[in-house]
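1. sequence-free structure coming up:
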């Protein structure tokens, strides 16, 4: 794989899978999305979803995805195999495995569906926040290459900010791909994981952490994604509970116009 | 299977799996937990988790579970096969399939882990509500047998209540098994699905619905479960967004003492 190609966005290069049909596809971690240990989990999630998107038997668009980060993904190549578990009239259920060195390093389940025009309503409240343009992007973290691939403009809860270690684990930020890239389900899947671990917002102490499992619900339809283009998303993340070596972390992803594009929930291991 | 046994709680009879070792186990829907179409989804979730609990290679206790309701489960018997996807030092990843009539009707993934004593903190706010004892249990719904298997004392958001069709899809209720049964991970998995679909709280119109996928994070450790016993749990459920034939639904499950025992997130199909 040519990591220096300029024909495709670096995100598309990072989630690329070679091969076709319903066979196992070949992928490779991309150094531009490296994390402290292994690749950024959001790109693994998007890579697994990409196997579903490329599958010739796919019905409809993503509605939900659950990713299990079972083991560190090494810098070597891997295979990704998507399997249809059940196809109904308008919904389809998936299982996807990422295998490296003979073991399952990550796996996912997903639902795709044909979206139909129905009654709609929003229950969550769109936060009143200042617009992205007036907030300076946060500097990336050198040890985590992937942070250079997102423009993050924090409204509150930035890691290391004086107010960040408090009774609240909440962060709010405007975020988009760097360089800019029109939003699709694949980049939305990755964006849902682009929040610093809530324990570092709540507690000023560095400990080893790792996401164990991540579930994302895709609320946006194709028209909302197209209207979003490469505009910033408002991301709101918070934890509910920390204890016994695990915490949960929720993320809400909003358009500037107050559309809820995705909600995401993950459980994260922490050392102490 | 003897559905009239009095030796075990009816919930245990409903989630029972015959067989042992790492082979496929045999189960059967129990009429006491029937829903309008097929069994109550919470009992399917608990049945799938039960296959993990019974597996001889299991490491630790449940931390998360995602269930896909892929097709209606018929009244016939089914097989449930749990498979270890990866075992790490303190965490283990699972895939479980429920097969009926040659097709996958439901499947799940799960994480089990050895819980350790670590720093802990609560970020979610325990709601100020009146105690369970002062609220009359709601009558069960005749067409959904499973509703007779739970004592539900609604604080607000009861289906059909005059205030239930509003701008909020939130319901709060005290809930426990009927007859009383000490809480464990299996009954907690089922309780997380024991909320009426949010669309019926928000909108006074009956339409066909069905949970597509359900993710539950188990925050409680063994000591908290033991301390809970058969006391009522405070359940808080709400939706974030309805549209294009799907909505999401969150549930928070609290002890009377303000411990967050589980959080749960599901995506639900609705017809129109």
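-> That came through fine. Not measured: the values here are computed from a predicted model. Residues are numbered from 1 along each chain as shown, chains lettered A, B, ... in the order given.
2. Run through the bridge partners of the residue nearest to residue A:222 when sequence neighbours are not counted.
-> Closest residue in space to residue A:222, ignoring its immediate chain neighbours: residue A:61 at 6.5 Å, by Cβ to Cβ, 6 or more residues apart in numbering or on different chains. C-beta coordinates here come from the backbone N, C-alpha and C atoms, glycine included. Going by DSSP bridges, residue A:61 is paired in beta bridges with residue A:113.
3. Next, work out how far apart residue A:61 and residue A:259 are.
-> 16 Å (Cβ to Cβ, to the nearest Å).
4. Now for the residue nearest to residue A:222: which residues touch it?
-> Contacts for residue A:61 (Cβ atoms under 8 Å, 6 or more residues apart in numbering or on different chains) come out as A:112, A:113, A:114, A:115, A:185, A:218, A:221, A:222.
5. Quick check, the fourth one in contact with residue B:244.
-> Yes. Between residue A:115 and residue B:244 there is a contact at 4.0 Å, judged by Cβ atoms under 8 Å.
6. Tell me the residues that contact both of those two, please.
-> residue A:221.
7. Tell me which helix or strand in chain A has the weakest average pLDDT.
-> Among the helices and strands of chain A, helix A:198-202 carries the lowest confidence by mean pLDDT, DSSP states H and E, at a mean of 90.
8. hmm, that one touching chain B?
-> Yes. Counting by Cβ under 8 Å from any Cβ of the partner chain, contacts between helix A:198-202 and chain B involve A:198, A:202.
9. next SSE after that helix?
-> Using DSSP states H and E, the helix or strand that follows helix A:198-202 in sequence is strand A:209-218.
10. can you give me the offset of that next one from its chain's centre?
-> Chain-centre distance of strand A:209-218: 8 Å, with Cα atoms, centre = their mean, to the nearest Å.
11. Neighbouring strands of that strand in the sheet, and parallel or not?
-> strand A:61-69 (antiparallel), strand A:260-270 (antiparallel).
12. so of those, which one's packed in deepest?
-> When those are scored by mean count of other Cβ atoms under 10 Å in any protein chain shown, the highest mean neighbour count falls to strand A:61-69 (a mean of 27).
13. and the next element down the chain from it?
-> Next in sequence after strand A:61-69, counting helices and strands by DSSP H and E, comes strand A:78-87.
14. mind listing what's buried in the helix or strand that that following strand is followed by?
-> Reading on from strand A:78-87 to the C-terminus, the next helix or strand found by DSSP H and E is strand A:91-100. Buried residues in strand A:91-100, counting neighbours by 16 or more other Cβ atoms under 10 Å in any protein chain shown, are found at A:91, A:92, A:93, A:94, A:95, A:96, A:97, A:98, A:100.
15. how about TSV for those, with distance to residue B:122 and pLDDT added?
-> Converted to TSV, the buried residues of strand A:91-100 look like this (distance: Cβ to Cβ, whole Å; pLDDT from 0 to 100):
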residue	distance to residue B:122	pLDDT
A:91	36	98
A:92	38	98
A:93	34	98
A:94	35	98
A:95	34	98
A:96	34	98
A:97	36	98
A:98	34	98
A:100	37	97
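16. Tell me how many other residues crowd the closest residue to residue A:261 other than its chain neighbours.
-> Spatial nearest neighbour of residue A:261, chain neighbours left out: residue A:220 (4.1 Å); criterion: Cβ to Cβ, 6+ apart. Residue A:220 has 26 neighbours, counted by other Cβ atoms under 10 Å in any protein chain shown.
17. Hmm, residue A:228 and residue A:220 touching each other?
-> Yes. If you go by Cβ under 8 Å, residue A:220 and residue A:228 touch, sitting 7.4 Å apart.
18. Tell me who's in contact with the most centrally placed residue in chain A.
-> Of all residues in chain A, the one closest to the mean position by Cα atoms, centre = their mean is residue A:190, 2.4 Å from it. Applying Cβ under 8 Å, 6+ apart to residue A:190 gives the contacts A:11, A:15, A:40, A:42, A:43, A:45, A:46.
19. what do you get if the cut-off is 6 Å, keeping everything else the same?
-> A:42, A:43, A:46 (Cβ atoms under 6 Å, 6 or more residues apart in numbering or on different chains).
20. helix, strand or coil for the first one?
-> Each residue gets one of three states, and residue A:42 gets helix by DSSP: H, G, I helix; E, B strand; the rest coil.
21. my read: it touches residue A:193, true?
-> Yes. With contacts counted by Cβ atoms under 6 Å, residue A:42 reaches residue A:193, the gap being 3.4 Å.
22. For these two, work out which one has more neighbours and name it.
-> A side-by-side neighbour count of residue A:42 and residue A:193, using other Cβ under 10 Å, places residue A:42 first with 30 against 23.
23. need the contact list for that one.
-> Contacts of residue A:42 by Cβ under 6 Å, 6+ apart are A:190, A:193, A:194.
24. As JSON lines, these with distance to residue B:181 would be great.
-> JSON lines is the format used below for the contacts of residue A:42 (distance: Cβ to Cβ, whole Å):
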{"residue": "A:190", "distance to residue B:181": "42"}
{"residue": "A:193", "distance to residue B:181": "37"}
{"residue": "A:194", "distance to residue B:181": "42"}
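25. of these, closest to residue A:82?
-> Distance ranking of the contacts of residue A:42 against residue A:82, using Cβ to Cβ, places residue A:190 first at 17.5 Å.
26. Tell me the secondary structure of that closest one, please.
-> Secondary structure, three-state DSSP: residue A:190 is helix.
27. Could you count how many residues lie near the closest residue to residue A:238 other than its chain neighbours?
-> Excluding its sequence neighbours, the residue lying closest to residue A:238 (Cβ to Cβ, 6+ apart) is residue A:170, at 4.1 Å. Residues near residue A:170, counting by other Cβ under 10 Å, number 20.
28. same thing with the one 5 residues further on?
-> Here the number of neighbours of residue A:175 (other Cβ under 10 Å) works out to 21.
29. got the contact list for it?
-> Residue A:175 touches A:150, A:152, A:233, A:235, counting by Cβ under 6 Å, 6+ apart.
30. Now a ChimeraX select for only the buried ones of these.
-> Selecting only the buried entries of the contacts of residue A:175 in ChimeraX, with 16+ other Cβ under 10 Å as the criterion:
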select /A:150,152,233,235
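31. Which of the contacts of residue A:175 fall in helices?
-> With helices defined by DSSP state H, no entry of the contacts of residue A:175 lies inside them.
32. returning to what we had before: so which of the contacts of residue A:190 comes closest to residue A:266?
-> residue A:42 (10.5 Å).
33. what does the model give that closest one for pLDDT?
-> As predicted, residue A:42 sits at a pLDDT of 98.
34. isn't the residue nearest to residue A:261 right up against residue A:259?
-> No. The pair residue A:220 and residue A:259 does not pass the contact test of Cβ under 6 Å, sitting 7.0 Å apart.
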